[in-house]
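Colleague: dropping a prediction and its sequence here:
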Amino acid sequence: MLRFSRSCSRLLVSKRLTSQLRCVSQTAFLRKPSGNIDRLSGVPGREDIGFLKSSSVSMSPNFGPFDHSQAVAGATESRDIMNLWSLLEACLHSGYMERAYSILKSLYALKSHRTYFIDDYNKFLMKYAETLHDIKDLDKKLFHDIQETFPACEYNDKTLAILIHHALKLSSSTEAKLEHCKTYFKMAVSGQRSILSNVDILTVPNYKTLACDLKLVSINELPAAVRPLIESGNIVTGEVLPSKQPSETNAKALTPGEVALDRNIEPLDKDAKELLAVDTIGMKVVRHTLLGLSFSEDQKKQIASFNFDTSSNLLNFDQGKENINFFEMFCNLKSEEERRSFESALDEFNQDRQHQLENRATDAAKERWRHDFEEAKSRGDLSIQKKLNIKLWEWFNLMLPLVKEEVRRCAAVANNTTQEASLSPQEKKQNKARQEYGPYLTLVDPEKMCVITILEILKLNSTGGIIEGMRTARAVISVGKAIEMEFRAELLLKSESHVFKDVNKKSHEFKLMVQRARATFRSIKIEESKVLWPQEARAKIGSILISMLIHIAKVKVEGVDPVTNEVIKGEAPAFSHGYQYHNGSKLGVLKIHRSLIHQLNGERLVAAVQPQLLPMLVKPRAWNSWNSGGYYYTQSTLIRSKDSPEQVAYLKAVSDAGAIDNVYRGLNVLGETPWTVNRRMFNVMSQVWNSGKPFLDIPGIQDKLTLTPQPPRDADPSIHREWKLKNKELANEFSGNRSARCDANYKLEIARAFLGEKFYFPHNLDFRGRAYPLSPHFNHLGNDMSRGLMIFWHGKRLGTSGLRWLKVHLSNLFGFDKAPLEDRVSFAESHIDDIRDSAEHPLDGKGWWKEADKPWQALATCMELNEALKMSNPGDFVSHQPVHQDGTCNGLQHYAALGGDIEGATQVNLVPSDRPQDVYSHVAKLVIARLEKAAANGDETAALLKDKIKRKVVKQTVMTNVYGVTYIGATHQIDKQLSTLFNDHKRSYELSKYLTKHVFASVRELFEGAHLIQDWLGECAKRISKSIRLDVDEKTLKNGNKPDFMSSVIWTTPLGLPIVQPYRESGKRQVATNLQTVFISDPFAINPINARRQKAGFPPNFIHSLDASHMLLSASECGERGLDFAAVHDSYWTHACDVDTMNVVLREQFIKLHEVDLIERLKDEFDERYKNYLQILKIDKKSEVATKVTDLKKKLSQKLGRPFTLADEIYMEKKRIQLLNSEDASEQAEGANMVTTVSLVAEAGDISNLEKSSDASCLVVLAPLTLPQIPPKGDFDVRELEKSKYFFS
Amino acid sequence: MAIRVQSLRDLAKIQHYYGFRYLLNPSVHEKIFDKLDLPQTYQDTTKLKVLDLYPGPGQQSAIFNNRFKPSQHVLMDARPDFVKHLRELSSTPNDSFQLYCKDPYEWQSYTELIDIEKRLLPSKKNLDSIHNEFLVLANLTGMIGEGLFMQWLACIGNRNWLHRFGRVKMLIWVLESTAMKILATPGGQLRSKCSVVADTFTDTKLIATMENKNLHKFGRSVLDAHKPVIFSENDTWMPTGKAISLLEVNPSSHNIDLDNFDYVTKHLLILRSTPLCEAFESLGHGGRDYFTTVIKDKKFLQKCPKELTSSEFLMITNAFVNWPFKPDIYMDFIDVFQDND
DNA sequence: CGGGTCGTTAACGATATAAGTCGTAGATAGCCA
DNA sequence: GGTATATCTATAGACAATATCGTTAACGACCTT
């Protein structure tokens, strides 16, 4: 028997993924390491922060290249596998064992998948076993399958774990158990320990039986996570043992005092008991701990009466109700020690709440509807304008039977219990479709599916540019996805309770152990759930559910009869499926009836926010692998690259090699910063919000969109056209306002729910490595408003320096940020009265804060300052306000550092100086100079504009210029500034266009070095994206000399994160659903790259990957030094008193980052990665090389008896390289003697002077890919910035 | 004095044809004019004013002018190479033959020609018959041609632009593919909104078309009914690979609200092969219920949109207009593509 | 028993839709010495 | 005559999606040798 070993299931999964991405390619020979990368190690002794290790891994990956050959041979197969997996999973959980078995057979048939097949079989076996009553049957089944049906498949330790689990479950006598288990343990592939490591299969009682009762294994052999549970011996009985020192890791979590409290809990519990009798033991301890702290009588009462039952006390989405204010309690505690015990008690409570939160969201929404409905019923309220929730409850009740019926039919089809013969052709077709989507539809409770459908649809209102509705395609996918997420969460929960069943959580310490064991279990389980439902399946079940909703959801409507002019009342479907045209292409839309829209505008929909999109109540799961971190019950990936399997593959390889631990470290620091809501700010905003009037960036309530009156029918077509444009503009503005208000609503409601709470933001990365919080509606990256709503949970004493920084911060928020720090301090000091007025009378005072650039944050800072200044010693004030340090044009800072460009470095404050440099003013000056010169030459436009140029006009363009803004984009930005000066729309646009040219030219002039690098990066990207790999697939070359280009730009960030630009052609296909066909992209398809986007995106993406690295480095260092740290890309936040420390850190890290010549390293990486790639060049036909190539082609063509194609050229070259790289000396010689078109061109050396563009006189040749020379580096030494006060300020 | 008619060979020397294709063979032109029998409409050609849009090399313009001697013949074109050529052509002492160098694509050009500069002042006629003093010639065989034709059709429906003067006959060269769409019959493969609109607001005939293998796609009925003049591709310049056809467009007298009609046909024809009773639902919330109540004919409800005649569409439009809960047809657009997850 | 024929169907690909694109690359012309 | 510059034209592509229809491949029933 061939045996293979796998020590734990994590590895299993990783292997499986590899198989999925693996490609049977012969590329290895092309990838002899050249040692180039070794050279990169640079200065000896310098520590590697990730790049070196990572780049060597990603340079010789264990998966194939991503192009057609993969797409055809590998990807279609891996797509099949993924589809089969998801179907297998669905069938297993729906209990369709026969179908599941036949899917297994299909999986078995896929040869490339063979080695990993046992994992699939195990899943089947696990479910199958549940239907049996005798362990012998299971035994029989397994050996029959392995010997007969799947002869090439070997069992593994997981299989044995399954057998053991069931043996324990099904055997009646201890002897039988013992015997079976003994046998199975003997069959172990890699030892007992390996079998025992399957904590997702063996339950805690299993472990106990094995270790304590049967004594088959010793406690030491158990997985670490379970060991304490068994050791404490407290499983089934639930009896509280005398507290032994809890083992290992959890020792710290409990102070002896708390344990003591645990035991004499009775007396104190008395008063609470009258109020609530439902505390679990664990919660009693929490309550007890809290009551033991030095709270005011009032707060003690609150705690005593607070319902610690998490299931009824999740988050407070109710406007009228006030949740308990943990934050205030926390702040009022005097001693550090008390605060610590408070926090640990709160954390424990929040563990449970987070668990509930992530799992009970849909139930909560449904209960709310029911509650409102019953309340209205009891009041006898049957008015026509029913409350929204009541309507939703009615729909829910109408929809449920339909869904149940459909589920029933699907089950019937799956179980073959339909009478096919008696069905109409249409029904037969329906049943056929049911066979496809049925398994997916029967997984989630119909009630939940109804709720999810309704919520998703309402949430999508007004998205996708549709005024009163949404795109169908988006709707069906969203619903499908939401169902899938629900399924995953349920699945996890179910299997968790399976493993932990019978575990009595009566003791407090024991509970902590269970919590810990659970966490381990979850990590394994989440990583394992790599299977995703195919888009097709999502769309299908989404459409089924939506069409049912359309069918039953009705609203009362009023209309005027055009004939009689009478008002008519009636009923109409609330949703309607139709189409709209855009530019001649159809778009499926799902419209929402106006009367419902109206109601939606008025009501809050917050319960609809998926919990996976909220901040977390507990510290996020720490990142430790590419797909493990963040929320507890939902899988998130380290990098948001949903449609780039390529990047995932690189990431996985690098992650498994442990090369990006620095990234994880930084990200975890960001996630561990606790926050809370700034209550005073929240109150001000609520007040503004409730007024319904527009205020700052919050638009007012708007009723409905009114279009301008239509021009007379016979008006000139141009007038009609203008009318249409005007309407579009109006609609645009309307929906913009609506979504802005909606967004503000979300933010405020989420903030309300988190008032007084301690929360965290789990982060992950975009494809360039920039960090973003996972909760999209409410986070510190949001607009001014959301930033103003948040403060650090922890407070720190200001001290002198902190007070000063707080003042600077205020000044910065006012836009007064280009002056020396002392001036900024005095700016704040000179406005002391304004600050007090703003803080104490934000809405009824002078409103000085509203003049700030960032008014909300300014107000928050005013309040903080005011409080501090009220104290006799402001330095003693405990501040929670984050203070920001921003880079001056961070992109340019990186460019200047890369180019060593002294002039540029000076401009962006890399060079120490007494006062900060203001790039924008400088550019403005340059532009004015240019315009004046032009005006002197008689250019009227220039003369007109030259007085209009202000710093503000050019600011955005200068800033975005580095990030590769296009000419058009910049023109729009400038037009936004200019259009306020000129009334004429067209005229101002003309002027903007003119001005943009000059601004671009000025920036280029000022940052010569930066632009040389930018150009170089752009050129590299262009050549790479137009290059051809030697072992391309035939299909790539099908259209003559215009092959599909498949190579994206790939690089490694200094932290070792591999970045793959995901810009590829879309590759979408039509998928039939119940409502319509939808056009969706296939995530497995590997399409030709989009060369233009690759080129345009690379320079800014590269810079972004650097600033991300800088941020993560600074984050982990700040974390190391005990700072609370947050960042918005190039704006770093911490407590006022810690700003000095942070400033040192971020300078150190910037220097650390740029000490190496990153550009040179990038070129070496490219040279290595794209070695042997070819590029297509056009050279002069008459040149010597060209004639040689033509002759060779002619000769070969005659030999072949057909034209010599590009594919032939490539094939030949491939052969040559293969020979050259051969181990065999004779083959090497043969390769050296071989003459190919490419070798001819390569011999000619530098042929750049021969390049021609005109078609007539040139010859298309293949040449080895060469990258341009790096522009010379200037003399600026990055170490200088250590002393630059204004580098970040 | 007669306008110069040149050989195809000479005219082909003009460097740019801007993607347009023109029939240049004089004898075919004569054949076409024979068939058109314009004098029947324009009995008094001394009162005839002609607006010639995109005349290009001006071959058709010259032949027309020589043959009918209209009182005024304005050639509107702004393309440099053609302008150069036309300027020569119109330099012959013939007052009626005037070049107007503006782009016929711009609505502005017409406003300037007629309302501002008052260079061309067509008379206003009632809707009883085809305008007998004003004729529009055009060549829309270029890239933007099809779109422009569709807009002109809408102008006929709205009675604006040149059609505010009455039922102005138009002779328009279009790509063969466009002609096929316009002339598609109920139930036919190519039946679409534009042919319904053309049926409703005009009486359009296929006058001439270029010989090619796709001819049969017009449908036997069209070919039989219109008996177009067939010419060879060698009679034309320049070869674009696309055949061209000449349409005679006679606006009909009607009193229909284009916007509603447009909405109804557009939406129904998306589901061109779906029975009406189902397709109605896509017209708005509760469409199926409403229309199946208003329209009693069960057989009619089983028909599908592509089979409907223009008068059937009209009937549905009327029902739509009377629908108390009808959707706002002016909200039927998408705004800028903005996507955020 | 094999193979061939015919009919049916799924699967794929092509095409039309609406109706004021548009950005860009490449060619040409206008310029100077 | 040659080259840097400005303007012009041609051209493709993104029809940022979907219904429908024609063609082809595949499959299976049936029949004949």
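Modeller: Looks like it came in fine.
Colleague: export the lengthiest helix in chain B as CSV, just CAs?
Modeller: Looking across chain B with DSSP state H, the single longest helix is helix B:145-158. Presented in CSV, the C-alpha positions along helix B:145-158 are these (Å, rounded to 0.1, in the frame of the first residue of the first chain):
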residue,chain,number,x,y,z
GLY,B,145,-24.9,57.4,-40.6
GLU,B,146,-27.1,54.8,-39.0
GLY,B,147,-27.4,56.7,-35.8
LEU,B,148,-28.2,59.9,-37.6
PHE,B,149,-30.8,58.3,-39.6
MET,B,150,-32.5,57.0,-36.5
GLN,B,151,-32.5,60.5,-35.0
TRP,B,152,-34.0,61.9,-38.2
LEU,B,153,-36.7,59.3,-37.9
ALA,B,154,-37.4,60.6,-34.4
CYS,B,155,-37.6,64.1,-35.8
ILE,B,156,-40.3,63.0,-38.2
GLY,B,157,-42.1,61.6,-35.2
ASN,B,158,-41.7,64.8,-33.3
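Colleague: against which helices or strands is the helix or strand that that helix is followed by packed?
Modeller: Downstream of helix B:145-158, the next assigned helix or strand under DSSP states H and E is strand B:167-175. Using 3 or more Cβ pairs under 8 Å, 6 or more residues apart in numbering or on different chains; DSSP states H and E, the elements in contact with strand B:167-175 are strand B:130-140, helix B:145-158, strand B:244-251. (Each C-beta comes from the backbone N, C-alpha and C, glycine too.)
Colleague: what's the shortest one in contact with?
Modeller: Defining contact as Cβ atoms under 8 Å, 6 or more residues apart in numbering or on different chains, one finds that strand B:244-251 is touched by B:21, B:23, B:32, B:36, B:130, B:141, B:156, B:163, B:167-176, B:178-179, B:182, B:198, B:201-210, B:228-229, B:236.
Colleague: low-confidence stretches in the stretch 201-350 of chain A?
Modeller: Filtered on pLDDT under 70, the stretch 201-350 of chain A yields the residue ranges A:232-295, A:304-323.
Colleague: can you name the residues of it that neighbour DNA strand D?
Modeller: Nowhere does the stretch 201-350 of chain A come near DNA strand D, counting by Cβ under 7 Å from any atom of the strand.
Colleague: which residue does the stretch 201-350 of chain A have closest to DNA strand C?
Modeller: A:I201 (36.6 Å; Cβ to the nearest atom of the strand).
Colleague: surely that residue touches A:A161?
Modeller: Yes. Taking contacts as Cβ atoms under 8 Å, A:I201 lies within contact range of A:A161: 4.5 Å.
Colleague: so when I look at the residue of the stretch 201-350 of chain A closest to DNA strand C, I'm seeing a helix, right?
Modeller: No. Applying DSSP: H, G, I helix; E, B strand; the rest coil, one finds A:I201 to be coil, outside a helix.
Colleague: tell me who's in contact with it.
Modeller: If you count contacts by Cβ under 8 Å, 6+ apart, then A:I201 has A:M126, A:K158, A:A161, A:I162, A:H165 around it.
Colleague: pretty sure the second one is touching A:Y121, no?
Modeller: No. Taking contact to mean Cβ under 8 Å, the distance of 9.7 Å between A:K158 and A:Y121 leaves them out of contact.
Colleague: any idea how far A:Y1286 lies from A:D886?
Modeller: 11 Å (Cβ to Cβ, to the nearest Å).
Colleague: which stretches in the stretch 1-150 of chain B count as helices?
Modeller: In the stretch 1-150 of chain B, the helices defined using DSSP state H, counting those that start in this stretch lie at B:8-11, B:26-36, B:59-68, B:80-90, B:107-110, B:145-158.
Colleague: and the fifth one, what other elements does it pack with?
Modeller: Using 3+ Cβ pairs under 8 Å, 6+ apart as the contact criterion, the elements in contact with helix B:107-110 are helix A:717-753.
Colleague: what do you get for the second one?
Modeller: Applying 3+ Cβ pairs under 8 Å, 6+ apart, we find helix B:26-36 packed against helix B:59-68, strand B:202-210, strand B:229-231.
Colleague: tell me, how many residues neighbour A:G559?
Modeller: If you count neighbours by other Cβ atoms under 10 Å in any protein chain shown, A:G559 ends up with 15.
Colleague: so what's the residue lying closest to B:V321 once chain neighbours are set aside up against?
Modeller: Counting by Cβ to Cβ, 6 or more residues apart in numbering or on different chains, B:V321 lies nearest to B:N260, which is 5.4 Å off, once chain neighbours are set aside. B:N260 makes contact with B:T317, B:F320, B:V321, B:I329, according to Cβ under 8 Å, 6+ apart.
Colleague: pull the number of nearby residues for the residue of the stretch 651-800 of chain A found nearest DNA strand C.
Modeller: Nearest residue of the stretch 651-800 of chain A to DNA strand C (Cβ to the nearest atom of the strand) works out as A:R721 at 5.5 Å. Residues near A:R721, counting by other Cβ under 10 Å, number 12.
Colleague: quick one, strands of the stretch 1001-1150 of chain A?
Modeller: In the stretch 1001-1150 of chain A, the segments counted as strands under DSSP state E, counting those that start in this stretch are A:1027-1028, A:1050-1052, A:1058-1060, A:1068-1072, A:1077-1081, A:1126-1128, A:1131-1135.
Colleague: can the fifth one be found next to DNA strand D?
Modeller: The reference is to strand A:1077-1081. Yes. Between strand A:1077-1081 and DNA strand D, judged by Cβ under 7 Å from any atom of the strand, the touching residues are A:T1077, A:V1078, A:F1079.
Colleague: using CSV, lay out these together with neighbour count.
Modeller: CSV is the format used below for the residues of strand A:1077-1081 next to DNA strand D (neighbours: other Cβ atoms under 10 Å in any protein chain shown):
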residue, neighbour count
A:T1077, 15
A:V1078, 25
A:F1079, 15
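Colleague: could you pull up the residues touching the spatially closest residue to B:L127 that is not a sequence neighbour?
Modeller: Leaving out its chain neighbours, the residue that sits closest to B:L127 by Cβ to Cβ, 6+ apart is B:S253, at 4.4 Å. B:S253 is in contact with B:L127, B:D128, B:R167, counting by Cβ under 8 Å, 6+ apart.
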